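# attaching a predicted model along with its sequence, questions to come.
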Amino acid sequence: MEKYVIEGGRRLAGRVMLQSAKNSVLPLLAASILTEKRVTIREAPAIADVACMAQILRELGAKVTFSGGDVIIDSADACCHEIPSSLTRELRSSVFMLGSLLTRFKRALIAYPGGCDIGLRPIDLHLFALRRLGVNISERDGFIFCEAEKLHGAEILLDFPSVGATENILLAAVMAEGRTTLTGAAKEPEIVDLQNFLNAMGARIAGAGTDVIEIEGVKELHGVTCRPMKDRIEAGTFLIAAAACGGEIEVVGIRPENIRLLLHKLRENGCKIHTKNDKIRIESRGTLRCNRRIETMPFPGFPTDLQAQVTALNASCTGCALIVENLFETRFKYVPELQKMGADIEVKGRTAFVRGTGRLHGACVTAGDLRGGAALVIAALGAEGTSEVLDLSHIDRGYADFRAKLKKLGASIRRVSV
Ligand code: EPZ
């Protein structure tokens, strides 16, 4: 196992070139088996979740190679419709492979992905939608078996804008017979990226980014080379780190409207934010003020994937903040680790009440999930003294070159074996 050793209190300065978005690249990899032709995804981030998804595709019989930062998928020989349970446990979001497997093979067998450190994460909306498209589903001993004589278009109404369910519906309806109208779709920018990717393969999808998406089934899809959008959660993580440490950084490759509410909240803290085209610059000086209230919501609301990071920031501001997590049941598990650093936070259910202490102090803490781990690094960077952050495997799932990028900005951060 490895850990970070971080000397806190350094101001950050410089420019961050963003990675491709983890939550776009994963559904694009799932979509790559919808054609037997070659698919190339440019600049795929070197993160564990992408490696795990590549392994899933290889288990299905596809040839997956990494070359110069790109990932190349040739799935002409893919023939298997089963995903090993070890891999669905490791990568919960593999559940949207159901849509691709059903389109390609008309059948799919996966283990129930189950909950994880941030919540129960049921898949009832996924299964409801697949049944509307003509899929027969049986569940036994923790496995889900799906098969469809023929996938046909349908009217689907989601009563919650689930990102994964929306992606599964696009992947299952893209070559179904007839038209599918999805109402109540998730509006995240990563859904727009998936629509654009599928349309570049010959699909006929319109409306992504709004809550009504129309999919006209097509007979076949061809290969494509694409460059996914940049990672808005990585961008937000670095902006929050700069706010916590003080200094001035610029993130490049991001559309400001994709993290509009975060920028609004950082201004509320007292940071100066300048945006120009695909660049966002932040200046943070002196002690910041707490946000009065932050509630996570589906896009365009405040992103749940930045909740832990802004809670860590507020812990070191002055004043009080109310942080409400509306998306996941248990997404405050990182709080006890922040409390070891002096944070004054009280959690009741889905609400965290933060009393800013002005400054945290170093401690030895352990990451328990991806974004909670990033929050601990942010807290350590802004804290007084030395911290250690253990169990980096969670952070490695979603942040490529995290230490190198922070070091380049002036942080004192070393990765050492435990
Ligand atoms: C995606 O997860 C992201 N993952 C998550 O990012 C992100 O937090 C989440 O969307 C919300 O934005 C990927 O894109 C790979 P949901 P997903 O389905 O699809 C409930 C990260 O840190 N729900 O929108 O699993 C569910 O319980 C990860 O990068 C049902 O009730 O999210 C949750 O409360 C973490 N039934 C809410 O919807 C269902 O069938 C949001 O889930 C599906 C979901």
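Arrived safely.

# which parts of the stretch 251-400 of the chain are strands?
With strands called from DSSP state E, counting those that start in this stretch, the stretch 251-400 of the chain shows them at 272-276, 279-284, 293-295, 318-324, 344-348, 351-357, 364-366, 386-390.

# how many other residues sit next to whatever residue of the stretch 101-250 of the chain ends up closest to the ligand?
Scanning the stretch 101-250 of the chain for the residue nearest the ligand gives Gly164, at 2.8 Å (criterion: CB to the nearest ligand atom). In short, each C-beta sits where N, CA and C put it, glycine included. Neighbour count for Gly164, taken as other CB atoms under 10 Å: 23.

# about what we covered before: the strands of the stretch 251-400 of the chain: which one's closest to Ala154?
strand 293-295 (32.9 Å; CB to CB).

# strands paired with the closest one, and their directions?
strand 318-324 (parallel) (DSSP bridges).

# what does the stretch 251-400 of the chain put close to the ligand?
The stretch 251-400 of the chain has residues 304-305, 327-328, 370-371, 398 near the ligand, with proximity defined as CB under 6 Å from any ligand atom.

# which two among those residues are spaced furthest apart?
Top of the distance list for these (CB to CB): Leu327 and Gly398, 16.5 Å.

# so these two - more neighbours on which side?
A direct count of neighbours by other CB under 10 Å for Leu327 and Gly398 places Gly398 higher, at 26 against 21.

# for the more buried one, list the residues it contacts.
Going by CB atoms under 8 Å, 6 or more residues apart in numbering, Gly398 touches 22, 47, 49, 233-234, 370-371, 374.

# what's the neighbour count on Leu102?
Leu102 has 26 nearby residues by other CB under 10 Å.

# shouldn't it be in contact with Ile144?
No - between Leu102 and Ile144 there is no contact under CB atoms under 8 Å: 11.4 Å.

# which neighbours do these two have in common?
Ala108.

# just the buried positions in the helix or strand bottoming out on mean pLDDT in the chain, please.
Each helix and strand of the chain was given a mean pLDDT (mean pLDDT, DSSP states H and E); the minimum falls on helix 85-90 at a mean of 91. Residues of helix 85-90 classed as buried by neighbour count (16 or more other CB atoms under 10 Å): 85, 87-88, 90.

# again with stretch 206-217
Applying 16+ other CB under 10 Å to stretch 206-217 flags 207-209, 213, 215, 217 as buried.

# with stretch 144-157 instead?
144, 146-148, 151-154, 156.

# looking at these, which one is closest to Lys63?
Nearest to Lys63 among the buried residues of stretch 144-157, with distances taken as CB to CB, is Cys146, at 24.8 Å.

# and the closest one, what does it touch?
98, 101-102, 107-109, 130, 135-137 are the contacts of Cys146 under CB under 8 Å, 6+ apart.

# so how far is Asn269 from it?
For Cys146, the distance to Asn269 (CB to CB, to the nearest Å) stands at 46 Å.

# just Val335 next, same as before
For Val335, the distance to Asn269 equals 19 Å [CB to CB].

# try Ala308
Taken as CB to CB, the span from Ala308 to Asn269 is 16 Å.

# so what pLDDT did the closest residue to Ala46 other than its chain neighbours get?
Among residues not flanking Ala46 along the chain, Ala400 sits closest, at 4.6 Å (CB to CB, 6 or more residues apart in numbering). Ala400 is assigned 97 on the pLDDT scale.
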